[in-house]
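Trainee: Sequence isn't available, so here's the structure alone:
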């Protein structure tokens, strides 16, 4: 992926992430400090139901649904942004680190179906009530998604540090258009 294509995806990801944080602000309370992320990682019917009850009493259940809707746009962008960044930072030197980058650039796209599944399960619980199987499945999908994002972001950070340590920081991200 070329730099300007990646820059577009990165900018769109940032805009959508800011929108999500603004929407999710309504969901945060002393009982639900992590907002929608806490709901993603509820894992049990009891925790998910408690969060839904709090949001219902606060009158912000609709905000949770809107958040999941905006997240659909976000999930269509951020995996490709991460893939593009890995591809921009990767060098073909045959090292294990670079081979890991190749694998991560493909693996991070698994975030897309994981996020779709997670959102569908969360939407179903908001609409029809919490259940442990739904909360567990959503939590597993969210955990795997977050793991892929964190590992990919860490690889990108390490790739940048390696470039700057070698002194070629000015070419840290290719600018071919």
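Mentor: That came through, no problem. These figures come from a predicted structure and were not determined experimentally.

Trainee: Show me what the longest helix along the chain is packed against.
Mentor: Determined from DSSP state H, the single longest helix within the chain is helix 132-166. Helices and strands touching helix 132-166, by 3 or more Cβ pairs under 8 Å, 6 or more residues apart in numbering; DSSP states H and E, are helix 35-40, helix 45-58, helix 78-89, helix 96-107, helix 111-128. Every C-beta, even on glycine, is put in place using the N, C-alpha and C of the backbone.

Trainee: Can you lay out those helices as TSV showing mean pLDDT?
Mentor: TSV is the format used below for those (pLDDT from 0 to 100):
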stretch	mean pLDDT
helix 35-40	96
helix 45-58	97
helix 78-89	96
helix 96-107	95
helix 111-128	98
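
Trainee: closest to residue 151 out of those?
Mentor: With Cβ to Cβ, the closest approach to residue 151 among those belongs to helix 96-107: 6.7 Å.

Trainee: Against which helices or strands is that closest one packed?
Mentor: helix 78-89, helix 132-166.

Trainee: a markdown table for these, including mean neighbour count and distance to residue 125?
Mentor: Shown next, in a markdown table, are these (neighbours: other Cβ atoms under 10 Å; distance: least, Cβ to Cβ, whole Å):
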| stretch | mean neighbour count | distance to residue 125 |
| --- | --- | --- |
| helix 78-89 | 22 | 23 |
| helix 132-166 | 16 | 5 |
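
Trainee: Same list, those, but as JSON lines with distance to residue 58 please.
Mentor: Compiled in JSON lines, the helices and strands packed on helix 96-107 are given as follows (distance: least, Cβ to Cβ, whole Å):
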{"stretch": "helix 78-89", "distance to residue 58": "28"}
{"stretch": "helix 132-166", "distance to residue 58": "20"}
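
Trainee: and residue 59, which of those helices is closest to it?
Mentor: That would be helix 132-166 among the helices and strands packed on helix 96-107, by Cβ to Cβ, at 22.6 Å.

Trainee: Quick one: work out the angle between the closest one and helix 111-128.
Mentor: 150 degrees (axes from the mean of the first three to the mean of the last three Cα atoms, to 10 degrees).

Trainee: re the thing from before, any chance of the helices and strands packed on helix 132-166 in CSV, plus distance to residue 134?
Mentor: Converted to CSV, these look like this (distance: least, Cβ to Cβ, whole Å):
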stretch, distance to residue 134
helix 35-40, 11
helix 45-58, 8
helix 78-89, 23
helix 96-107, 25
helix 111-128, 5
